[in-house]
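Participant: just to be clear, the model below is a prediction. Sequence and coordinates:
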Amino acid sequence: MHNENLESIVEKFVIAYTMHTIHPIRRVLAKDFRYASMWVFEEISSKRAYLKYFKGKLKTIKKSAGDGYAVSTEIVFDTRNNTPYLLLTQKGAKGLLVFSMGKGKLKRADMCMPNLYFFSHQRN
């Protein structure tokens, strides 16, 4: 059941990236949500700060999509325990968004290089 709940949240991120809006994820983030990325200097340490950051990021993606910088998304699954991740591709560069849940809310998301995890494009 835990992974099904997480998978539905990952699906909301797919919608957010596809539709360029933060609305699908607003209610699923914990107030103390944290986001870290290997490509962002500082960790974001609140829901409000992350939504502001993500809204700006989506605006930039939307503006640059016509120039070949659209982001494609794919839900992939950890090969050991089927935990869902979000694989993002933009102009050939890939990032893997890894999530952590707590008390029915998304507590954390980490953007990292995909080669740090073992995942499959299908459930095991």
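Facilitator: Happy to help now that I have it.
Participant: mind giving me the packing neighbours of the helix or strand harbouring residue 13?
Facilitator: Assigned by DSSP states H and E, residue 13 belongs to helix 2-19. On a contact count with 3 or more Cβ pairs under 8 Å, 6 or more residues apart in numbering; DSSP states H and E, helix 2-19 meets helix 47-64, strand 71-78, strand 84-90, strand 93-102. Where you see a C-beta, it was placed from the backbone N, CA and C, and this is true even at glycine.
Participant: let's see it at 6 Å
Facilitator: Contacts defined by 3 or more Cβ pairs under 6 Å, 6 or more residues apart in numbering; DSSP states H and E place helix 2-19 against strand 71-78, strand 84-90.
Participant: could you list the alpha-carbon positions for it in CSV?
Facilitator: Presented in CSV, the C-alpha positions along helix 2-19 are these (Å, rounded to 0.1, in the frame of the first residue of the first chain):
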residue,chain,number,x,y,z
HIS,A,2,2.8,2.4,0.8
ASN,A,3,4.3,2.2,-2.7
GLU,A,4,0.9,2.6,-4.3
ASN,A,5,0.4,5.8,-2.4
LEU,A,6,3.9,7.0,-3.4
GLU,A,7,3.3,6.0,-7.0
SER,A,8,0.2,8.2,-7.1
ILE,A,9,2.3,11.1,-5.8
VAL,A,10,5.0,10.4,-8.5
GLU,A,11,2.2,10.5,-11.0
LYS,A,12,1.2,13.9,-9.8
PHE,A,13,4.8,15.1,-10.5
VAL,A,14,4.5,13.7,-14.0
ILE,A,15,1.3,15.9,-14.4
ALA,A,16,3.1,18.9,-12.9
TYR,A,17,6.0,18.6,-15.3
THR,A,18,3.7,17.9,-18.3
MET,A,19,1.3,20.7,-17.6
